[in-house]
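*Asks:* Sequence and predicted model, in that order:
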Amino acid sequence: MAFNDPTDKNLRRMEVRRFLQRCEGQIALIQRADSLREISRLTLLPLPYAVSEDYTARDSLRLVQTAAEDRARELILEQIQGYLKADPMAHEKLRRAMFDSWANLTGALGHLRPWAQSKLTAAQQQAGI
């Protein structure tokens, strides 16, 4: 494939635009997601080989992952606040439900699982639970 061929350049440019639009759509879906499982599923967006060397495509993929991480952090903090406000009799049940939900944090979001556990531990210590 000749790199100076205008047809090839236009095809690559079109592929990049298509991928950028797909990433924008994924970001919108991630911002509306209401579960960690859905966020993890939406984060799995493969970078096509045809655009793998394009910096704007890589940046767009990074923005998808950043949006997913931010939304996952929001949901985790909401879960922890709900846990702290709940009846003490329901704490164990909610704790197990949170850990089951956090098990969905895989791949690019895997580093949030220990973060969530440390936030829960800190919140429990502050609340005296």
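*Replies:* Received it, and whenever you're ready, just let me know what you need.
*Asks:* most centrally placed residue in this structure?
*Replies:* What sits nearest the mean C-alpha location of the chain, by Cα atoms, centre = their mean, is residue 68, with 2.5 Å.
*Asks:* now that one: how far from residue 125?
*Replies:* 28 Å (Cβ to Cβ, to the nearest Å). In this view, the C-beta of every residue, glycine as well, is placed from N, C-alpha and C.
*Asks:* again with residue 74
*Replies:* Distance from residue 74 to residue 125, by Cβ to Cβ: 22 Å.
*Asks:* The residue nearest to the centre of the chain contacts residue 110, correct?
*Replies:* No. Using Cβ atoms under 8 Å, residue 68 is not in contact with residue 110; the gap is 11.8 Å.
*Asks:* how about low-confidence regions in this protein?
*Replies:* 1-3 (pLDDT under 70).
*Asks:* still on that earlier bit, of residue 74 and residue 125, give the one with the bigger neighbour count.
*Replies:* residue 74 (12 against 9; other Cβ atoms under 10 Å).
*Asks:* What is the neighbour count of residue 103?
*Replies:* 12.
*Asks:* Could I get the contacting residues of it?
*Replies:* By Cβ atoms under 8 Å, 6 or more residues apart in numbering, the contact list for residue 103 reads residue 113.
*Asks:* And it, its phi and psi?
*Replies:* Main-chain torsions, residue 103, degrees, to the nearest 10: phi -70, psi -20.
*Asks:* tell me which element residue 117 falls in.
*Replies:* Under the criterion of DSSP states H and E, residue 117 resides in helix 112-127.
*Asks:* Run the chain-centre distance for that helix.
*Replies:* Chain-centre distance of helix 112-127: 19 Å, with Cα atoms, centre = their mean, to the nearest Å.
*Asks:* Going by neighbour count, which residues in it are buried?
*Replies:* For helix 112-127, a neighbour-count test (16 or more other Cβ atoms under 10 Å) marks 112-113, 116, 119-120 as buried.
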